[in-house]
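> need a structure here:
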Amino acid sequence: MGGLTKVEIDFATSHLIFPTLIGIILLILGVVLLIIRRREVLGAGTMWRDTFERMDKLRFFGTLLLTVLYFVLMVPVGELWPNTGMGFLLCSIPFVALTGILFTHDRRLSKLVPMLIVAVIAPLLTWWLLSEIFVLTLP
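Residues are numbered from 1 along each chain as shown. Next comes the predicted model:
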């Protein structure tokens with residue numbers, strides 16, 4: 001009975017508990033949703049085909065590609081300057097800039113300059129706030 005009041009924490013894997021728990025909860029909720037709405041899900045083929053035909057494929061797949069590259073490159077770039085957050089900063093600036101260019105319809109220089117200024121200032125401000133004020137370790 002005394003074992004029920006004792007908690008042992010393995011610090012090597014303790015950071016994986018919350019994401020695993022959330023993943024299991026989301027999986028269970030997804031299965032329940034599929035069971036409850038199975039008719040709508042099975043009949044949604046034409047809706048997805050129409051959506052895929054009308055969607056802006058360049059922006060959709062470009063965003064997916066940029067996001068994957070952003071997260072894949074952040075750690076290797078950060079390892080060049082360990083514990084400084086440079087991986088976050090140096091990957092965030094081009095990510096924000098390229099995402100902004102991707103979604104901008106009018107790509108004249110006069111329209112791009114404000115967006116490029118924001119692409120530099122926003123990651124710089126975020127990096128400073130997280131690393132200096134909140135003392136968080138960034139990749």
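
> and stretch 100-109, which residues are buried?
With burial defined by 16 or more other C-beta atoms under 10 Å, the residues of stretch 100-109 counted as buried are residue 102. Backbone N, C-alpha and C define where each C-beta goes, glycine included.

> Give me the contacts around that stretch.
With contacts defined as C-beta atoms under 8 Å, 6 or more residues apart in numbering, stretch 100-109 is touched by 58-59, 62-63, 66, 111-112, 115-116, 118-119.

> which of the residues you listed has the most neighbours?
residue 119 (21 neighbours; other C-beta atoms under 10 Å).

> mind showing which ranges of the chain have poor pLDDT?
Confidence mapping of the chain against pLDDT under 70 gives the ranges 1-2.

> Just give me the longest helix of the chain.
helix 57-80 (DSSP state H).

> elements contacting that helix?
Under the contact criterion of 3 or more C-beta pairs under 8 Å, 6 or more residues apart in numbering; DSSP states H and E, helix 57-80 touches helix 86-103.

> Only the buried residues of the helix it packs on, if you could.
Applying 16+ other C-beta under 10 Å to helix 86-103 flags 86-93, 95-99, 102 as buried.

> For the next helix or strand after it, list the C-alpha coordinates in CSV.
Downstream of helix 86-103, the first helix or strand assigned by DSSP states H and E is helix 109-128. Included here for helix 109-128 are C-alpha records, laid out as CSV according to Å, rounded to 0.1, in the frame of the first residue of the first chain:
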residue,chain,number,x,y,z
LEU,A,109,10.2,45.5,-54.1
SER,A,110,8.2,48.4,-52.5
LYS,A,111,5.7,45.8,-51.2
LEU,A,112,8.4,43.3,-50.2
VAL,A,113,10.6,45.7,-48.2
PRO,A,114,8.2,46.0,-45.2
MET,A,115,7.7,42.3,-45.1
LEU,A,116,11.4,41.7,-45.2
ILE,A,117,12.0,44.1,-42.4
VAL,A,118,9.4,42.3,-40.3
ALA,A,119,11.1,39.0,-41.3
VAL,A,120,14.3,40.2,-39.6
ILE,A,121,12.8,42.1,-36.6
ALA,A,122,10.2,39.6,-35.5
PRO,A,123,12.7,36.6,-35.1
LEU,A,124,15.3,38.9,-33.5
LEU,A,125,12.7,40.2,-31.0
THR,A,126,11.4,36.7,-30.3
TRP,A,127,15.0,35.4,-29.9
TRP,A,128,15.9,38.2,-27.5
